[in-house]
Structure formats: C-alpha cells, structure tokens
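A predicted structure for the sequence below; I have some questions about it.
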Amino acid sequence: MTELTGKIVLGPHRYGKAENRVVRIVRDTDRHEIRDLNVSSCLHGNFDAAHLEGDQGTVLPTDSQKQTIYSYAKEKGVEFVEEYGLALARHFVDDVEPVRSARIEIEEYAWERVVVDGAEHDHTWTRKGSEVRTAAITVERTGTDRREWVVGGLKDLVVLKSTGSEFQGFLTDPYTVLEPAEDRIMATSLQAHWRFASTDVDWDTVYTGVRATLLEVFANLHSKALQQSLYEMGRAVLERYPSIAEIRLSAPNKHHFLYDLARFGVENAGEVFHADDRPYGLIQASVLREDAPDAGIAWEPYTGAM
Ligand SMILES: O=c1[nH]c(=O)c2[nH]c(=O)[nH]c2[nH]1
C-alpha cells in the first residue's frame, strides 16, 4: 500500500447559481414574444479564504448572482442569448473585484405559437420538441487584458434516417458477433457545440444555418459510420461559417435492430425494428481549423449543460 504524507492544499474551486429558470415575455405590442431560459453563473477567482477560513469577505452570494441574472433579462434583454450572457459575464468580471473569470451557461427551450382559426395566436404557445439551444460564454481577466469566448450549440436534436447508412468492414476479434449492415437505420440525439473566433457575430443567422447544415449533411451523406457523418457535418459547418473556429459533436448511436420475424415465417426486409435504448455507442469528434485561436477556458464545463 502506498501511504501519502504530502501537505494538503486547496485545489481548483469555483461557485455560482445553477439553473435559474428565466422566462422573459416581450409585451410591447399585443403580439407577445417568449424566451424560455435556464441560466447558470459560475465565478472563479480569489475565494480561497471562504474554503480555508470560512471568511465570506470576497464571496458575492450566489443569491446576488441570481438577482442579477433576472434583472439583466429586463435591463439588457435576451433577444440574443449570447449577448445577454456576454453582458452578465462582463459584469461579474468588471464589477466584482475578486472575480478572475466568469462563465454563463444558457439553455433555451423553444416554443411555437398555437394556431387558432388558421392564424398564429398572439400570446399562446406549445413547447416545441425536445431540442435545446445552448450558449456558454466565458470572460477572463488577466491584469488589464480581457479575453472572451462564446460557444454556441444545440442538444437533444433527435434525428433518424431509414436508409443511406451502412456499417461494414470493421475489425473483428473473438468476441465479435455483429453482422455487417449494408442498409440500416441511423438515429441519434445530437449534441453540437461550436466555438466562435470572435464575439462580433450575427448570432441567430449562424445558429439557424449551422442547425440546417448539420441536418442537411446527416440526411444527404451516404454514411459508412456515424464517425464519418459527424466529421462531414462538422466540416460542412466550418466551410460555411468562417466565424466558427471549432465544432464538437457528440452522438449516441440509437440502435435499431431488425426484428427476427423469420421465426414466424414472416419476411422482414428492413421494415420492423426494435428500438433499443441502452447500451448505445457514443461517438464524439471535434472538427477544427488549423489556425483556430486558442480555446483557453472556453470548454471548461460547469453544470454539464453542454
Ligand atoms: O456507426 C457506427 N460506428 C461504430 O463504431 C459502431 N460500432 C457498432 O457496433 N455499430 C457502429 N456504428
């Protein structure tokens, strides 16, 4: 047994208010708008004494962070979640002395208008699908220098194609029982997060375009594996959007196994499947430019929201 006797010290630490559920209604006219957000703040800085001595002198309460998050939803607005996140992160870094870096993580839930008598209703919506838009904004101060990173993204985008996917020619070992598939269902619940090279971006246009590009390539590429699909999806995004330095993709392989109907003398030519929920293959890849600017702490997750 190894016995360790080294001095015990405080390691990395940070704190914030996680998962503030902010719903902002814009009611300047009779046609209201809704933004439905889950916002987390995370501060990193000179907070050693709170851990070592119980001294709260440098600790801005997580409750104050929460109040700021709600007040900024009105003061700054949430038209673009990336700008709202930047305003919050800059505030914590610039105005709260002990803070060295601040990270704001945002999930946005989509709503769509109810249609009544053929017309979209002014102030009633239904929740739209499982898909979530995400943004992670990090601002860091070193001396007089300030660095900023914005990572846009989406998650829980469930997508399935019923042909145009194969998986063959794989390495085998004594435990391999998988049969090669030349025509299979491919389905996933996609997570994609893309890091911008700057903060001067047409946020919504890029979001809509990236989402459409991911789906277009998933649909149109004849896929030899999920790995190939992810790379081609990422490559297409970088080719079309020069404001993006890097994209990270994570895709559970939602397996659909051909159901054995031969036992009943019934033919099954790719028509009846069993959708298995676990275990699942989990394929992850990042695609980036060779000249991508330094990612710094852009990818350090806080809540696990992304
Ligand atoms: O697209 C796939 N990639 C894999 O790595 C893999 N492994 C597996 O069993 N099925 C699949 N499908």
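Nice, thanks for sending it over. Here the structure is a predicted model, which is why all the values come from computation and not from measurement.

what about Val93, neighbour count?
Number of residues near Val93 (other Cβ atoms under 10 Å) recorded here: 23. To be clear about C-beta, it is placed using only N, CA and C from the backbone, and glycine gets the same treatment.

could you do Val201 as well?
Neighbours of Val201 (other Cβ under 10 Å): 19.

Val151 is in contact with that one, correct?
No. Using Cβ atoms under 8 Å, Val201 is not in contact with Val151, being 11.7 Å away.

okay, buried residues for the longest helix along the chain please.
When the chain is parsed with DSSP state H, its longest helix is helix 203-220. For helix 203-220, burial by neighbour count (16 or more other Cβ atoms under 10 Å) applies to 203, 206-207, 210-211, 213-214, 217-218.

between those, which is nearest Thr126?
Arg211 (19.9 Å; Cβ to Cβ).

Arg141 against Pro98, yeah?
No. Contact between Arg141 and Pro98 fails when scored by Cβ under 8 Å: they sit 11.0 Å apart.

ok now the longest helix of the chain, how far from the chain's centre?
14 Å (Cα atoms, centre = their mean, to the nearest Å).

how far does stretch 16-30 stretch from one end to the other?
In stretch 16-30, first residue to last residue: 37 Å (Cα to Cα, to the nearest Å).

what about the helices in the chain?
If DSSP H is used as the criterion, the helices of the chain fall at 48-52, 62-75, 81-95, 203-220, 226-240.

and the last one, average pLDDT?
Helix 226-240 comes out with an average pLDDT of 98.

how about that helix and the ligand, any contact?
Yes. Helix 226-240 reaches the ligand (Cβ under 6 Å from any ligand atom) through 226-227.

which elements pack onto that helix?
strand 186-196, helix 203-220, strand 244-253, strand 281-288 (3 or more Cβ pairs under 8 Å, 6 or more residues apart in numbering; DSSP states H and E).

would you turn those into CSV with distance to Asp55 and mean pLDDT?
Below are those laid out as CSV (distance: least, Cβ to Cβ, whole Å; pLDDT from 0 to 100):
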stretch, distance to Asp55, mean pLDDT
strand 186-196, 36, 98
helix 203-220, 40, 98
strand 244-253, 39, 98
strand 281-288, 41, 98
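
please list the residues of this structure that sit near the ligand.
So the chain meets the ligand at 167, 178, 225-227, 253, 281 (Cβ under 6 Å from any ligand atom).

which among those residues count as buried?
Buried by 16+ other Cβ under 10 Å: 167, 225-227, 253, out of those.

for Val114, give me its contacts.
Applying Cβ atoms under 8 Å, 6 or more residues apart in numbering, we find Val114 in contact with 120-121, 124-126.

swap in Val132?
107-109, 154-156.

what's the closest of those to Ala87?
Closest to Ala87, out of all of the contacts of Val132 and judged by Cβ to Cβ, is Glu108, at 15.8 Å.

quick one: the nearest residue to the closest one once chain neighbours are set aside from the ligand, how far?
In space, and not counting its chain neighbours, Glu108 is closest to Arg133: 4.2 Å by Cβ to Cβ, 6 or more residues apart in numbering. Distance, Arg133 to the ligand, by Cβ to the nearest ligand atom, to the nearest Å: 26 Å.

same check on Leu221?
Counting by Cβ to the nearest ligand atom, the gap from Leu221 to the ligand is 12 Å.

now that residue, what are its backbone angles?
For Leu221, the backbone dihedrals (degrees, to the nearest 10) come out as phi -70, psi 130.

go ahead and confirm it touches Gln228.
Yes. Between Leu221 and Gln228 there is a contact at 7.4 Å, judged by Cβ under 8 Å.

of those two, give the one with the bigger neighbour count.
More neighbours surround Leu221 than the other of Leu221 and Gln228, with 18 against 15 (other Cβ under 10 Å).

need the contact list for that one.
Per Cβ under 8 Å, 6+ apart, neighbours of Leu221: 164, 228-229, 232-233.

again, only this time at 6 Å
Neighbour list for Leu221: 229, 232 [criterion: Cβ atoms under 6 Å, 6 or more residues apart in numbering].

repeat for Leu238
If you count contacts by Cβ under 6 Å, 6+ apart, Leu238 has them with Ile244.
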